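Peer 1: let me see the structure of the following:
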Amino acid sequence: MARIETQESISAWAEEAFGKAGSNARIAGRANEEMAELICAATSDRPARELIEEAADITIILYRLAERNGFDLDAAIDAKMALNRMREWKRDGTGHGYHIEPGVLKQEDEPAVYQWRPRHDHRWVTSDKLSCIDLQNHPDFEVRKLYTRSDSADLDKERP
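Peer 2: You can find the predicted model right below:
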């Protein structure tokens, strides 16, 4: 199916509807709000259609972030997937995993799970330690360690 909307058209609509985005951090914070809605949809009995609508909301916001910074998100995804296909990965047993980056995450190290949020937001985002490392000393964000991956085996199981 041919796409009707583009990164450019979505960004133009968002600017017309909401005004110029104030900062990259605010756009990321808004994506975080939509991610929380996606998680709620994924962990409830809502129809799959609602899950996909929340994923689309996040993508729409990320298109705006990419446009604001002069990047093509679709091209960035292609480039990132090319990199991912060359990486070595450590599976975590839940259908997910972490890339092994020399000098950052050693094979014997167990990734910890953190939560982060912009200081003005009450909702937390869950991430692995590699994603949060740049936020730990950032004045606009709070970061807290939750647990290690081995502590979370039951959290990754699907609900019946």
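Peer 1: give me the low-pLDDT residue ranges for the chain?
Peer 2: Within the chain, the stretches with pLDDT under 70 are 101-114, 126-138, 140, 146-160.
Peer 1: ok, and for the lengthiest helix in the chain, which residues are buried?
Peer 2: In the chain, with assignment by DSSP state H, the single longest helix is helix 48-68. Within helix 48-68, the residues that count as buried by 16 or more other C-beta atoms under 10 Å are 51, 54-55, 57-58, 60-68. In short, each C-beta sits where N, CA and C put it, glycine included.
Peer 1: can I get it in CSV? Just the C-alpha atoms.
Peer 2: Below are the C-alpha coordinates for helix 48-68, written out as CSV (Å, rounded to 0.1, in the frame of the first residue of the first chain):
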residue,chain,number,x,y,z
ALA,A,48,-5.2,-4.8,18.8
ARG,A,49,-6.4,-1.8,16.7
GLU,A,50,-5.8,0.5,19.7
LEU,A,51,-2.3,-0.9,20.2
ILE,A,52,-1.4,0.0,16.6
GLU,A,53,-3.0,3.4,16.9
GLU,A,54,-0.7,4.2,19.9
ALA,A,55,2.3,2.9,18.0
ALA,A,56,1.3,5.3,15.1
ASP,A,57,1.0,8.2,17.6
ILE,A,58,4.6,7.6,18.7
THR,A,59,5.9,7.4,15.1
ILE,A,60,4.1,10.6,14.2
ILE,A,61,5.9,12.4,17.1
LEU,A,62,9.2,10.9,16.1
TYR,A,63,8.7,12.1,12.5
ARG,A,64,8.4,15.6,14.0
LEU,A,65,11.6,15.2,16.0
ALA,A,66,13.5,14.0,12.9
GLU,A,67,12.1,16.8,10.7
ARG,A,68,13.0,19.4,13.4
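Peer 1: and it, how far from the chain's centre?
Peer 2: 11 Å (C-alpha atoms, centre = their mean, to the nearest Å).
Peer 1: and the contacts of it?
Peer 2: By C-beta atoms under 8 Å, 6 or more residues apart in numbering, the surrounding residues in contact with helix 48-68 are 7-8, 10-11, 14, 21, 24, 27-28, 30-31, 34-35, 37-38, 41-42, 72-73, 76.
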